[in-house]
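[1] 3D model of this:
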Amino acid sequence: MNIKPLADNVLIEPEKEEEKTETGIYLPDTADKGRPEKGKVVAVGPGKKDSSGKSNPLEVKKGDRVIFTKYGPNEVKVDDKEYLIAKEEDILAVIE
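    As a prediction, the model looks like this:
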């Protein structure tokens, strides 16, 4: 299934959190790891329309790794794969 975000929405594939801490302790699957805050942009919408009806392009593009607000994006599941849909304003930075 192909997903095409609308307006200023961005489809993000969340990155899995590390299973191991910096000190070498492995976290079990039952540990509360919280929502991810990093991911890879899979698709972007055409941009939000201004008052004249012209779409303003988004600053992020497909393939960018981004940091986003923890609870801003909405979770969606497509073909047994989990994604996040976020507004461009929920994206805080691009990881270079």
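
[2] now the residue nearest to D79 when sequence neighbours are not counted: how far from K77?
    Distance criterion CB to CB, 6 or more residues apart in numbering; nearest residue to D79, sequence neighbours excluded, is M1 at 5.7 Å. Quick note: C-beta positions are derived from backbone N, CA and C, even for glycine. Distance from M1 to K77, counting by CB to CB, to the nearest Å: 11 Å.

[3] and the two? Which one has more around it.
    For the pair M1 and K77, the greater number of neighbours falls to K77 (8 against 5), based on other CB atoms under 10 Å.

[4] check what pLDDT the more buried one gets.
    At K77, the model reports a pLDDT of 93.

[5] tell me the SS of E82?
    Following DSSP: H, G, I helix; E, B strand; the rest coil, E82 is assigned to strand.

[6] neighbours of it, how many?
    For E82, using other CB under 10 Å, the count is 11.

[7] please name the residues that touch it.
    14, 75-76 (CB atoms under 8 Å, 6 or more residues apart in numbering).

[8] buried subset of the residues you listed as a ChimeraX selection?
    Here is the ChimeraX selection string for the buried members of the contacts of E82, based on 16 or more other CB atoms under 10 Å:
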select :14
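
[9] just name the closest of the contacts of E82 to P46, please.
    V76 (19.1 Å; CB to CB).

[10] just to revisit the earlier point, go through the contacts of E82 and flag which are in helices.
    Among the contacts of E82, no member is found in helices (DSSP state H).

[11] report the central residue of the protein.
    Nearest residue to the geometric centre of the chain (CA atoms, centre = their mean): I12, 3.1 Å.
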